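A.B. asks: pasting the sequence and the predicted coordinates here, then a few questions.
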Amino acid sequence: MGWEAKPDESGPTTILRTHLISVLSGLNDTAVVAEAQRRYAAQATDPKAVPVALRKTILSVVAHHADAATWDKLHEEAKAEKTPQVKDRLYTLLAVAEDKALAQRALRPRPYGRAGRHQQRGHDHRCLPQVSRTCF
């Protein structure tokens with residue numbers, strides 16, 4: 001099947017590819033993880049490195065297997081993202097890192113919609129990141 005879609009490929013085959021990559025990543029298949037990481041790193045200079053059909057899958061694999069430098073890069077992308085839906089997706093991915101210390105960093109309190117505290121009806125609330133927009 002491979003990473004590249006064929007010109008006449010059917011929709012179910014495209015879906016199967018994303019599922020296969022996800023499952024193999026979950027099984028810690030080093031070749032699949034390395035290829036996702038390679039494609040993620042290459043996207044800055046090669047726009048075809050991360051095809052639209054694999055973007056979410058590649059980002060998920062990279063986030064799950066992220067080291068500190070990769071996590072920081074994903075975090076910078078999340079902070080810079082202007083589209084709310086994409087921004088939320090990126091912040092959610094920060095919390096799935098296999099490295100528990102990195103995943104915990106995603107749960108540090110931030111200002112509502114950003115980082116820190118905010119006032120609501122006279123109460124001071126600490127907020128989780130945009131992952132859930134939940135305050136406590």
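C.D. replies: Happy to help now that I have it. Residues are numbered from 1 along each chain as shown.

A.B. asks: who touches the closest residue to Pro51 other than its chain neighbours in this structure?
C.D. replies: Leaving aside its sequence neighbours, Pro51 sits nearest to Ala5 (Cβ to Cβ, 6 or more residues apart in numbering; 6.8 Å). The C-beta positions use only the backbone N, C-alpha and C, and glycine is treated the same way. Contact analysis of Ala5 by Cβ atoms under 8 Å, 6 or more residues apart in numbering lists Thr13, Thr14, Arg17, Pro51, Ala53.

A.B. asks: where along this structure do the strands fall?
C.D. replies: In the chain, the strands defined using DSSP state E lie at 117-120, 123-126.

A.B. asks: for the last one, give the mean pLDDT please.
C.D. replies: Going back to what we said before, that points to strand 123-126. Mean pLDDT, computed over strand 123-126, is 40.

A.B. asks: rewinding a little: now, the most widely separated pair of the contacts of Ala5?
C.D. replies: Thr13 and Pro51 (13.5 Å; Cβ to Cβ).

A.B. asks: who has more neighbours out of those two?
C.D. replies: Ranked by neighbour count (other Cβ atoms under 10 Å), Thr13 and Pro51 place Pro51 first, with 16 against 12.

A.B. asks: over to that one: give its phi and psi.
C.D. replies: The phi and psi values for Pro51, taken as degrees, to the nearest 10, are phi -60, psi 150.

A.B. asks: roughly how far apart are it and Thr14?
C.D. replies: Counting by Cβ to Cβ, to the nearest Å, the separation of Pro51 from Thr14 is 10 Å.

A.B. asks: again with Lys56
C.D. replies: From Lys56 to Thr14 the distance is 12 Å (Cβ to Cβ).

A.B. asks: count the neighbours of Arg17 for me.
C.D. replies: 20.
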